[in-house]
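In: below is the sequence, then the predicted model.
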Number of protein chains: 2
Amino acid sequence: MPLELRTLIGPDGSLQLSQAEVPQPRPAAADEVVVRVEAAPINPSDLALLLGGADLGQAQAARVQDRPAVVAPVPPERLAGLAARIGQPLSAGNEGAGTVVAAGSAPEAQALLGRRVAVLALPGQGIYAQYRAVAASQCLALPPGASAAQGAAAFVNPLTALGMVETARREGHTALALTAAASSLGQMLLRLCQGDGLELVCIVRRPEQAALLRAQGARHVVDSSAPDFAARLVDTFAATGTRLAFDATGGGAMPGQLIQAMEAALLRQPGRGYDRYGSQIHKQVYIYGYLERGPTALPPGLGMAWGVNGWLVFSFWRALPPERRAALQARIAAELTTTFATRYEREWTLDELLTPEALRACAQMATGRKCLLRLAPDGS
Amino acid sequence: MPLELRTLIGPDGSLQLSQAEVPQPRPAAADEVVVRVEAAPINPSDLALLLGGADLGQAQAARVQDRPAVVAPVPPERLAGLAARIGQPLSAGNEGAGTVVAAGSAPEAQALLGRRVAVLALPGQGIYAQYRAVAASQCLALPPGASAAQGAAAFVNPLTALGMVETARREGHTALALTAAASSLGQMLLRLCQGDGLELVCIVRRPEQAALLRAQGARHVVDSSAPDFAARLVDTFAATGTRLAFDATGGGAMPGQLIQAMEAALLRQPGRGYDRYGSQIHKQVYIYGYLERGPTALPPGLGMAWGVNGWLVFSFWRALPPERRAALQARIAAELTTTFATRYEREWTLDELLTPEALRACAQMATGRKCLLRLAPDGS
């Protein structure tokens, strides 16, 4: 029987990652297809669900149903936020690529039969499994000759980067800022902005990340570890007219600091009288990740024309009209090995991943480096 | 020469409130009118600009150009946030009512000649003056027989309450929450929601405020001083389906607590599987005031489908299409003495207001009680 990865936090606060045998899925509706999943990336967003904040320093190898497994304790202070998942074995993995081996009767499903596709999982659906039944609309047919590794990350990062550009355009911006900008996503967004004529302000945390992005042609890079970070941010926002940022840190001071710098850049414009409500021009931060777990602190004095919102690529995708989805999918397929290319540093099979060493390596991957999980044998 | 009130913070950190003689204004454009301002409310939002955070406990009577004036020190820790206004004499007052005594040649200006109007000041324009030239579009013709006192507060609170209802409708809500709900604004919004069939969750800080609102027919009142406040908030949001709140506190924990309670109410719905991104239903808090001056703290665990935005009635008003503005103005005029009535506890002339005692009384007005400033002699 096919295998799938399961992540379970028990009532005792211990995380268990294991492999479960599950029945071979079949198309349950006319528009469904069954994908033999060949490869899937391990994104930071996947790790959060997979590891549940467990302390990997204390992880131990185990065996469940005679296959490799791992157990690790979740620190008590993190358990409160995880109450809703305790005792529920969950599948994980937001995306992957594989080959369609069965299809329902609908034309859009039949059209994919035998094709290699990228798959975007629905919430709760987890793609770290050897076979998955999904709706045809969750699939992107890869161009002929594309490998599973090339297509594995064709959804989350490409759609996130495209969603950021689309959001910027829709809200009338010609510049946007990104934190954690040296990530795979950041590098992808940089290529996209370079091609599309948008100014990207790249905010990074270390000088070597700044150098990496400059080597890729980034024109506006600000390093938050520099002593003059706050002033440089205002200067850069003023020079580029940046009033939109996507922030990966979520908690802490960064979202508020971004708005504060945008407001300071606006108030610097000559000829402004005093207005106690601040600038009337809207400033926006979208939080798309929570690298920092603490509360988000917004300082006073931001004026009244600002917004801080959560931003989830799945919600962006769902809200798109079908013709726009098709256009974005076509673009991803066409630029899969250029704009949207992802490089992998390491790869593992399920057996290999479920060891303390591999999980620690995965969790410690430096910015911009990624791991690939190999699932069903690659049919190519 | 006509008088106007001036608020000035000097480089030494002292606030001075005084009366200045200014030239009689004339219509400077075809669409302008000159209003003899007869009465103006002293709203909490006016006090912030007027007093600049000065310590009224140390206020002293003074005389400037042989008229009553007041000086008071601004605590040093507040001066940093006021740097942009130091040394600039500012006018104050967001709204008022009076009679149009001169008009430009445009038909919309001529139509107002001799009429009593309510006036909404533009940023920097301050209505605490005996005469003001304003655009006809800043005026609302009051119904015949309305007094200046009845029309003085016809703009800010009525438009704020109408803007909240309009925002709720536009964003698809059938319920909304308001903090500081026992204020004049809150009582007005309650009447509006009762008439318009929207559920209003009134959040107050004291039991007697809860009683006041219940006596006016409020069905959902939550008292933040009660020990079970957090649980009651979730219950009330769940019962009413509230996913929108307007918050007057701004700083501190309240905005985050509102979203947290909305999210908890949504996650309580039966049949929900675990989703680490939280509920997919959008939750929104608009901050329309900063009764609390500290940073705004948003706790982790809000999910990804939420927004916190500044909200300013002037921006709402400016963004409305002209026909919608006309409709709202007509409604305010029609319901001026019912839905949109404001009661005044005290009233002062300019000379009377500019004493330490009157300013202290103004600043200490309890929730829901208001002061009126009498300017040019009432022409009625």
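Out: Sure thing, it's come through. Since this is a predicted model, take the numbers as computed values, not measurements. Residues are numbered from 1 along each chain as shown, chains lettered A, B, ... in the order given.

In: how about low-confidence regions in the stretch 201-350 of chain A?
Out: For the stretch 201-350 of chain A, the stretches with pLDDT under 70 are A:273.

In: and it, which residues reach chain B?
Out: Proximity of the stretch 201-350 of chain A to chain B is confined to A:250-251, A:256, A:267, A:273-277, A:280, A:287, A:290, A:293-312, A:314-315 under the rule Cβ under 8 Å from any Cβ of the partner chain. C-betas here are computed from N, CA, C, even on glycine.

In: any of the residues you listed buried? List them.
Out: A:250-251, A:256, A:267, A:275-277, A:287, A:290, A:295-298, A:301-312, A:314 (16 or more other Cβ atoms under 10 Å in any protein chain shown).

In: what's downstream of the strand or helix carrying A:Gln329, the next helix or strand?
Out: Taking DSSP states H and E as the criterion, A:Gln329 maps to helix A:322-334. As assigned by DSSP H and E, the chain's next helix or strand after helix A:322-334 is strand A:346-349.

In: what pairs with that following strand, and is each one parallel or antiparallel?
Out: The strands beside strand A:346-349 in its sheet (DSSP bridges) come out as strand A:371-374 (parallel).

In: centre of the chain to the partner strand, how far?
Out: Once both centres are worked out by Cα atoms, centre = their mean, to the nearest Å, strand A:371-374 turns out to sit 15 Å from its chain's centre.

In: can I get it as PDB, trimmed to CA atoms?
Out: Extracted C-alpha coordinates of strand A:371-374, given in PDB (Å, rounded to 0.1, in the frame of the first residue of the first chain):
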ATOM      1  CA  CYS A 371      15.500  20.600   0.500                       C
ATOM      2  CA  LEU A 372      13.600  18.200  -1.700                       C
ATOM      3  CA  LEU A 373      11.700  15.100  -0.600                       C
ATOM      4  CA  ARG A 374      11.600  12.200  -3.100                       C
END
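
In: how about residues contacting that strand?
Out: For strand A:371-374, the surrounding residues in contact (Cβ atoms under 8 Å, 6 or more residues apart in numbering or on different chains) are A:38-42, A:93, A:96, A:128, A:149, A:152, A:344-350, A:353, A:361-362, A:365.

In: before we move on, what about stretch A:198-205?
Out: Contacts of stretch A:198-205 with the rest of the structure, by Cβ under 8 Å, 6+ apart, involve A:165, A:168-169, A:173-182, A:186, A:189-190, A:192-194, A:210, A:213, A:218-225, A:233, A:236-237, A:240-242, A:245.

In: ditto for stretch A:211-228
Out: Contacts to stretch A:211-228, defined as Cβ under 8 Å, 6+ apart, come from residues A:181-182, A:186-187, A:190-191, A:194, A:199-207, A:209-210, A:229, A:232-233, A:236, A:239-240, A:254, A:368.

In: what sits against A:Ala248?
Out: A:178-180, A:183, A:288-289, A:291.

In: restricted to strands, list those residues.
Out: A:178-179 (DSSP state E).

In: tally of neighbours for the closest residue to A:Tyr344 other than its chain neighbours?
Out: Leaving aside its chain neighbours, A:Tyr344 sits nearest to A:Leu372 (4.2 Å; criterion: Cβ to Cβ, 6 or more residues apart in numbering or on different chains). Applying other Cβ atoms under 10 Å in any protein chain shown, we find 21 residues neighbouring A:Leu372.

In: what does A:Ala168 give?
Out: Around A:Ala168 there are 22 other residues, counting by other Cβ under 10 Å.

In: per-residue confidence at A:Gly53?
Out: A:Gly53 carries a pLDDT value of 90.

In: what about the closest residue to it other than its chain neighbours, which SS state?
Out: Of all residues not flanking A:Gly53 in the chain, A:Arg78 sits nearest, at 4.1 Å (Cβ to Cβ, 6+ apart). At A:Arg78 the chain is in helix, as set by DSSP: H, G, I helix; E, B strand; the rest coil.

In: how close does A:Arg78 get to chain B?
Out: Remark: distance between A:Arg78 and chain B (Cβ to the nearest Cβ, to the nearest Å) = 11 Å.

In: ditto for A:Arg169
Out: Taking Cβ to the nearest Cβ, one finds A:Arg169 at 20 Å from chain B.

In: distance from stretch A:177-191 to the middle of the chain?
Out: 11 Å.

In: and what of stretch A:225-241?
Out: 26 Å.

In: where do the strands of the stretch 101-250 of chain A begin and end?
Out: Counting by DSSP state E, counting those that start in this stretch, the stretch 101-250 of chain A has strands at residues A:116-120, A:131-135, A:139-141, A:175-179, A:199-204, A:220-223, A:244-247, A:250-252.

In: for the helix holding A:Gln329, list the C-alpha coordinates in CSV.
Out: Presented in CSV, the C-alpha positions along helix A:322-334 are these (Å, rounded to 0.1, in the frame of the first residue of the first chain):
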residue,chain,number,x,y,z
PRO,A,322,-10.4,31.7,-13.6
GLU,A,323,-8.9,33.4,-16.7
ARG,A,324,-6.4,35.2,-14.5
ARG,A,325,-5.4,31.9,-12.9
ALA,A,326,-4.9,30.3,-16.3
ALA,A,327,-2.7,33.2,-17.3
LEU,A,328,-0.5,32.9,-14.2
GLN,A,329,-0.2,29.1,-14.6
ALA,A,330,0.8,29.6,-18.3
ARG,A,331,3.5,32.0,-17.2
ILE,A,332,4.8,29.7,-14.5
ALA,A,333,5.0,26.8,-17.0
ALA,A,334,6.8,29.0,-19.6
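
In: and that helix, which residues are buried?
Out: Across helix A:322-334, burial judged by 16+ other Cβ under 10 Å covers A:328-329, A:332-333.

In: for chain B, state which of those is nearest.
Out: Proximity of the buried residues of helix A:322-334 to chain B (Cβ to the nearest Cβ) peaks at A:Leu328, which lies at 20.1 Å.

In: stretch A:212-225: end-to-end distance?
Out: End-to-end distance of stretch A:212-225 (Cα to Cα, to the nearest Å): 15 Å.

In: go through chain A and flag its longest strand.
Out: strand A:32-42.

In: which secondary structure elements does the next helix or strand after that strand contact?
Out: Sequence-wise, the next helix or strand downstream of strand A:32-42 (DSSP H and E) is helix A:44-51. Helix A:44-51 makes packing contacts with strand A:3-9, helix A:356-363 when contacts are defined by 3 or more Cβ pairs under 8 Å, 6 or more residues apart in numbering or on different chains; DSSP states H and E.

In: by mean pLDDT, show me the worst of the ones you listed.
Out: helix A:356-363 - the lowest mean pLDDT of the helices and strands packed on helix A:44-51, at a mean of 93.

In: and the angle from that helix to strand A:32-42?
Out: Helix A:356-363 runs at 90 degrees relative to strand A:32-42, counting by axes from the mean of the first three to the mean of the last three Cα atoms, to 10 degrees.

In: which parts of helix A:356-363 are buried?
Out: Residues of helix A:356-363 classed as buried: A:356, A:358-359, A:361-363 (neighbour count, 16+ other Cβ under 10 Å).

In: got it, and stretch A:337-345?
Out: Neighbour counts over stretch A:337-345 (16+ other Cβ under 10 Å) mark A:339-342, A:344 as buried.

In: looking at those, spot the one nearest B:Ala141.
Out: A:Thr339 (58.5 Å; Cβ to Cβ).

In: tell me the contacts of the residue lying closest to that closest one once chain neighbours are set aside?
Out: Residue nearest to A:Thr339 in three dimensions, not counting chain neighbours: A:Arg191, with 4.8 Å by Cβ to Cβ, 6+ apart. Contact analysis of A:Arg191 by Cβ under 8 Å, 6+ apart lists A:216, A:338-339.

In: save these as TSV, and put in distance to A:Ala141 too.
Out: TSV is the format used below for the contacts of A:Arg191 (distance: Cβ to Cβ, whole Å):
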residue	distance to A:Ala141
A:Gln216	29
A:Thr338	18
A:Thr339	18
